Structures are given as structure tokens and as C-alpha cells.
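*Asks:* Using only what follows, build the 3D model:
(one chain, ligands or ions: 1)
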Amino acid sequence: MNNKRPETMERITTAALAQAFIDEQVGQIQAQVGEKKVLLALSGGVDSSVVAALLIKAIGKQLVCVHVNHGLLRKGEPEQVVEVFRNQMDANLVYVDAVDRFLDKLAGVAEPEKKRKIIGAEFIRVFEEEARKLEGIEFLAQGTIYPDILESGPVKAHHNVGGLPEDLQFELVEPLKFLFKDEVRVVGKALGLPDGMVYRQPFPGPGLGVRCLGAITRDRLEAVRESDAILREEFAKNGLEGKVWQYFTIVPDFKSVGVRDDKRADEWPVIIRAVNTVDAMTATVEDVPFALLQHITQRITHEVKGVNRVCYDLTPKPTGTIEWE
Ligand SMILES: Nc1ncnc2c1ncn2[C@@H]1O[C@H](COP(=O)(O)OP(=O)(O)OP(=O)(O)O)[C@@H](O)[C@H]1O
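*Replies:* Numbering: from 1, shown residues only. This is a model prediction of the structure:
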């Protein structure tokens with residue numbers, strides 16, 4: 001398999017270059033796939049969304065997208081996947097509501113590494129079940145991009161979404177494998193995907209699960225999701241979206257005393273993190289205007305159930321990592 005970006009390949013920076021890439025890929029995908037069916041795990045993240053849009057253009061309903069709602073996605077994300085791909089692009093989309101399955105498996109598990117393993121393993125299991133229900137699938141599309149190939153090294157062959165069993169191995173369709181992230185975004189835009197999807201900030205694989213520290217509970221997970229939504233809304237309104245590399249909220253698994261309706265009330269704190277980085281190896285903290293932080297604090301403590309304090313994480317990386325788990 002050729003895994004080296006051709007040296008003559010021009011960096012895709014304009015709509016015209018994106019269109020040329022799309023036309024070329026549509027032809028190649030049609031030639032590779034013929035009349036057969038292709039399966040794609042569609043997270044709603046940039047890479048898998050752009051692959052989905054490209055394949056819908058090339059082969060329409062021969063593509064089957066599977067979106068797994070594991071309960072750890074940001075507010076509005078599963079709905080957006082359904083709206084964009086099923087309603088607007090008329091795609092063949094299987095939406096799997098696996099919220100209870102994931103949260104039941106995660107109940108009582110406090111150790112971060114164990115949480116990640118459970119989320120990863122359960123994802124493969126759900127995806128495998130869906131794949132087995134479908135007939136005649138011969139291809140698996142993946143949002144592999146060039147940095148993925150560079151990271152895995154030239155020798156190691158790139159293989160299927162980790163962990164699918166032997167009897168479920170498919171031929172791969174990886175149309176973005178020579179693209180860098182900025183090029184993927186230009187192509188996504190040319191394919192008509194909404195900005196909110198194309199310019200989305202990085203999101204960890206295990207989702208909000210690693211921002212709901214310790215053992216995940218449904219109420220605390222809701223506090224993470226709602227506070228994150230408020231933070232994103234306020235950053236967008238105040239010109240920080242697209243300027244700050246990554247920003248999110250964290251809810252630790254302890255409470256502190258506060259006052260609500262003239263009574264003492266034990267509730268959780270929300271921690272805000274907003275960082276800038278070039279390579280994610282080091283990061284600096286965004287200098288968010290104090291008045292905006294106060295406004296966000298006011299909103300979170302009044303709109304998010306069970307939260308009585310807001311803290312701002314002032315720690316660069318190192319010594320802090322970007323995420324808390
Ligand atoms: N909730 C989900 N539903 C369906 N597929 C998923 C889901 N989460 C992850 N995947 C699949 O696993 C791949 C790797 O997920 P990961 O979280 O590492 O994101 P990524 O490499 O940044 O890609 P993307 O931008 O597509 O999310 C995704 O591209 C997608 O194919």
C-alpha cells in the first residue's frame with residue numbers, strides 16, 4: 001500500500017484546489033468500490049464527517065454511516081449528525097442510542113485508564129454488532145489523515161479501527177490519508193459541511209467522560225455537558241471561538257459548601273480550561289477577560305444544576321496537561 005504523500009501534491013488551500021481533490025477522489029472511490037457497500041463509523045468529528053460527505057457524493061446510499069451516541073458527546077452533537085447527514089445529505093445513517101450501555105458499564109469506575117479502556121472496548125462492541133446486522137458490506141471507510149500515517153511510522157501498516165475481530169476485516173477506503181488537518185477543513189467546507197463541524201476544536205476520543213472526573217454519574221455528566229455548552233456559547237459570542245485552540249469545562253467528584261436560596265447547599269465546582277498550543281506538547285493559558293469570566297460564572301452557577309462555584313485553571317503545560325484525566 002502506498003503510504004507516502006506524493007511530493008508533487010500541492011497543499012490544498014483554496015476552494016478550487018479542494019474541488020479538484022474532491023473530483024479526483026470521487027472518481028477513485030467509484031472505481032474502487034463499484035456497486036458494493038461501504039461502512040463508516042461517523043463520530044461527527046472533522047475527519048469522519050469529511051469522509052462521510054465525500055463518500056455520499058461518490059456513492060450515495062451505498063455508504064452506511066454508523067453514529068454511536070455513547071452519552072459522552074457534547075451538547076447538540078448527536079442531533080447535529082442526524083440533521084446534517086440524514087436530513088440534509090440524505091445519507092444512510094444508523095443512529096445507535098447506546099447511552100445506557102456505556103454509562104452502566106462505567107458506573108463506579110473511577111480510574112481514568114480503566115474508564116478509557118471501557119469506552120474504547122464498548123465502542124468496538126457496539127460497532128461490531130451494527131456491522132453484523134448489515135449484509136454485503138465489503139469496505140470500511142476511515143478518516144485516516146496524513147499525520148496518523150506519519151505517527152504510526154512507514155513500516156507499520158495502517159489497519160482497521162482497532163480491535164474488530166478477524167472475521168470482520170474489510171478492505172479500507174481512506175480518501176484523506178495524504179491530507180493534513182487544515183486541508184481536510186478546506187475540503188469539508190467545499191463539500192458544504194457546516195462551519196461548526198469543519199472548524200470544531202479537538203475533542204478527546206472518550207469525550208466528556210474524561211472531564212467528569214472519577215466515577216461518572218449521570219447528574220455530574222449533565223453538569224459537564226451544560227457548563228461546556230455555556231462556555232462555548234459565550235466564547236463564540238465574544239470572538240474567542242477560532243482564536244482559542246481548546247476550551248472546555250471539568251467537574252471534579254467532590255462538593256463544597258455554598259449558599260442557595262438562603263440555605264447552605266453542598267454542590268460541585270466547575271473548572272474552566274482554555275489553552276493555546278502549537279503542537280499539544282506545551283500549552284499556554286488564554287488570557288480571558290475577567291469580566292467575561294465573571295459573566296460565565298454567573299451563568300453557570302445559575303443555569304447548571306448542582307453547581308455553586310466556578311474556577312479558572314491558570315496552569316500552563318507543563319506542569320498541567322491539557323485535560324485533567
Ligand atoms: N461516537 C462515535 N460514533 C461513531 N464513530 C465514532 C465515534 N467516536 C469515534 N468514532 C470513530 O473512531 C474514529 C477515531 O475517533 P477519534 O475520537 O480518535 O477521532 P479523530 O481521529 O479525531 O476523528 P474524527 O475527527 O472523525 O472524530 C473516528 O474517526 C470515527 O470513525
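
*Asks:* if you skip the residues just before and after it, what's nearest to residue 175?
*Replies:* residue 25 (4.7 Å; CB to CB, 6 or more residues apart in numbering). Backbone N, C-alpha and C define where each C-beta goes, glycine included.

*Asks:* and that neighbour, how many neighbours?
*Replies:* Neighbour count for residue 25, taken as other CB atoms under 10 Å: 19.

*Asks:* Pull the number of nearby residues for residue 324.
*Replies:* For residue 324, using other CB under 10 Å, the count is 17.

*Asks:* for the residue nearest to residue 175, what are its contacts?
*Replies:* 54, 58, 175 (CB atoms under 8 Å, 6 or more residues apart in numbering).

*Asks:* that's a strand at residue 265, yeah?
*Replies:* Yes. Looking at residue 265 with DSSP: H, G, I helix; E, B strand; the rest coil, it is inside a strand.

*Asks:* which residues does it form a beta bridge with?
*Replies:* Counting by DSSP bridges, residue 265 forms beta bridges with residue 258.

*Asks:* quick one: it and residue 256 touch, right?
*Replies:* No. Contact between residue 265 and residue 256 fails when scored by CB atoms under 8 Å: they sit 9.9 Å apart.

*Asks:* Common neighbours of those two, please.
*Replies:* residue 308.

*Asks:* Which residue ranges make up each domain of this structure?
*Replies:* Domains of the chain are assigned by automatic domain parsing as 15-198, 211-312.

*Asks:* want to throw these into CSV with distance to residue 9?
*Replies:* Shown next, in CSV, are those (distance: least, CB to CB, whole Å):
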stretch, distance to residue 9
domain 15-198, 6
domain 211-312, 23
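
*Asks:* Can you tell me which of the ones you listed is nearest to the ligand?
*Replies:* domain 15-198 (2.1 Å; CB to the nearest ligand atom).

*Asks:* Local confidence estimate at the residue nearest to residue 175?
*Replies:* We have a pLDDT of 98 for residue 25.

*Asks:* Are any of the contacts of residue 25 buried, and if so which?
*Replies:* Buried members of the contacts of residue 25, counted by 16 or more other CB atoms under 10 Å: 54, 58, 175.

*Asks:* So which residues of this protein form strands?
*Replies:* 37-41, 63-69, 92-97, 137-141, 171-173, 246-250, 256-260, 263-276, 284-285, 307-312 (DSSP state E).

*Asks:* And the last one, what does it pack against?
*Replies:* By that I understand strand 307-312. When contacts are defined as 3 or more CB pairs under 8 Å, 6 or more residues apart in numbering; DSSP states H and E, strand 307-312 sits against strand 256-260, strand 263-276, helix 290-303.

*Asks:* Including distance to residue 319, mean pLDDT and mean neighbour count, could the strands of the chain go into JSON lines?
*Replies:* JSON lines is the format used below for those (distance: least, CB to CB, whole Å; pLDDT from 0 to 100; neighbours: other CB atoms under 10 Å):
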{"stretch": "strand 37-41", "distance to residue 319": "35", "mean pLDDT": "97", "mean neighbour count": "23"}
{"stretch": "strand 63-69", "distance to residue 319": "35", "mean pLDDT": "98", "mean neighbour count": "23"}
{"stretch": "strand 92-97", "distance to residue 319": "39", "mean pLDDT": "98", "mean neighbour count": "16"}
{"stretch": "strand 137-141", "distance to residue 319": "40", "mean pLDDT": "95", "mean neighbour count": "19"}
{"stretch": "strand 171-173", "distance to residue 319": "40", "mean pLDDT": "94", "mean neighbour count": "19"}
{"stretch": "strand 246-250", "distance to residue 319": "16", "mean pLDDT": "98", "mean neighbour count": "22"}
{"stretch": "strand 256-260", "distance to residue 319": "24", "mean pLDDT": "97", "mean neighbour count": "12"}
{"stretch": "strand 263-276", "distance to residue 319": "13", "mean pLDDT": "98", "mean neighbour count": "18"}
{"stretch": "strand 284-285", "distance to residue 319": "12", "mean pLDDT": "98", "mean neighbour count": "14"}
{"stretch": "strand 307-312", "distance to residue 319": "16", "mean pLDDT": "98", "mean neighbour count": "18"}
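
*Asks:* Now render these as CSV, adding distance to the ligand.
*Replies:* Shown next, in CSV, are the strands of the chain (distance: least, CB to the nearest ligand atom, whole Å):
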stretch, distance to the ligand
strand 37-41, 3
strand 63-69, 4
strand 92-97, 8
strand 137-141, 8
strand 171-173, 12
strand 246-250, 13
strand 256-260, 33
strand 263-276, 18
strand 284-285, 23
strand 307-312, 26
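
*Asks:* can you list these in CSV and add distance to residue 13?
*Replies:* Listed next are the strands of the chain as CSV, based on distance: least, CB to CB, whole Å:
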stretch, distance to residue 13
strand 37-41, 26
strand 63-69, 27
strand 92-97, 31
strand 137-141, 25
strand 171-173, 25
strand 246-250, 23
strand 256-260, 49
strand 263-276, 22
strand 284-285, 27
strand 307-312, 36
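
*Asks:* which residue packs closest to residue 315, ignoring adjacent ones?
*Replies:* residue 285 (6.9 Å).
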